[in-house]
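Student: Kindly return the folded structure for what I paste below:
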Amino acid sequence: MVDDFEFSGPPFQEANGVSSPANTDFKETENSKTWEAATVQLIAGEIDGKYGMSLVYEAGDIPVAKTEQNKQTDSKFLKGICDKYGLGLKVYSNRLVVWDYRQYFAKPVVATITPSMLSRYAYKSTMRGTYTGAKVSYTNPKTKKTIEIMVGQEGRIYKSNRKQTEADARLIEKTQSYGKPKGNHHAAYL
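Tutor: All right, here's what the predicted structure looks like:
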């Protein structure tokens, strides 16, 4: 859906849009639900089914012991889950696509685009949302013993101390310390 029409020129150069289903409640209606003994794939599948999309899931089986959607849109909630476990999320052509950044970065390069191939390009990078390390605290509810897991380097540390299982804590520290692509890439014009 084109949600923000902008022209510049001459000649015409760009129009902005979003690939989410703007004619539904995906990004508008706040919902509340508690998920227990689920997986990321199960949560994404249930959410995409509400909007008539099909799920493309290209990640491992990621268990989610318990999580709560508390007055959040389905879009924001699912994005938070994906960010937490190092997954990408995209809505495209009536499909909800979830992928593992680590798997995609390990794939071979299929094409290289250089600035000389473009008539115009723009690039923007941000430090927000990138980390040099991760520290996850886990308190065993039975023993009340706290375990801290630290990976990476000091600096911009991702911290989490939500109630979770030890397995969940270890998975979060792996995905957050790995990080996501450095920078946001904007439109390139051929």
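Student: Gln41 contacts Ala59, correct?
Tutor: Yes: in this structure, Gln41 is within contact of Ala59 by CB atoms under 8 Å, at 7.5 Å. C-beta coordinates here come from the backbone N, C-alpha and C atoms, glycine included.
Student: When the two are compared, which one has more neighbours?
Tutor: Using other CB atoms under 10 Å as the criterion, Gln41 and Ala59 rank with Ala59 on top: 21 against 16.
Student: related to what we said a few turns ago, so for Gln41 and Ala59, which residues contact both of them?
Tutor: When CB atoms under 8 Å, 6 or more residues apart in numbering defines a contact, the residues bordering Gln41 and Ala59 alike are Val98.
Student: how about the helix or strand containing Val91: buried residues?
Tutor: For Val91, the host element (DSSP states H and E) is strand 87-92. Buried residues in strand 87-92, counted by 16 or more other CB atoms under 10 Å: Leu87, Gly88, Leu89, Val91.
Student: how about these, which pair is most distant?
Tutor: Using CB to CB, the buried residues of strand 87-92 span at most 13.9 Å, a distance reached by Leu87 and Val91.
Student: quick one, strands of the chain?
Tutor: Per DSSP state E, the chain carries strands over the ranges 30-39, 54-58, 63-73, 87-92, 95-100, 120-124, 133-139, 146-152, 157-160, 184-189.
Student: among the ones you listed, which gets the worst mean confidence?
Tutor: Ranked on mean pLDDT, the bottom entry among these is strand 184-189, at a mean of 34.
Student: I figured Gly45 hits Met53, correct?
Tutor: No: in this structure Gly45 lies outside contact range of Met53 using CB under 8 Å: 10.0 Å.
Student: of those two, who's got more company?
Tutor: Met53 (22 against 17).
Student: which ones are touching the more buried one?
Tutor: Neighbour list for Met53: Pro21, Val91, Asn94, Arg95, Leu96 [criterion: CB under 8 Å, 6+ apart].
Student: Phi first, then psi, for it.
Tutor: Met53 adopts backbone torsions of phi -90, psi 160, taken as degrees, to the nearest 10.
Student: Excluding covalently adjacent residues, which one is nearest to it?
Tutor: Of all residues not flanking Met53 in the chain, Leu96 sits nearest, at 4.8 Å (CB to CB, 6 or more residues apart in numbering).
Student: try Lys27
Tutor: Leaving aside its sequence neighbours, Lys27 sits nearest to Ser75 (CB to CB, 6+ apart; 4.4 Å).
Student: Tell me, how many residues neighbour that neighbour?
Tutor: So Ser75, with other CB under 10 Å, has 21 neighbours.
Student: re earlier: which strands and helices sit next to the strand holding Val91?
Tutor: Packed against strand 87-92 by the contact rule (3 or more CB pairs under 8 Å, 6 or more residues apart in numbering; DSSP states H and E) you find helix 74-84, strand 95-100, helix 101-105.
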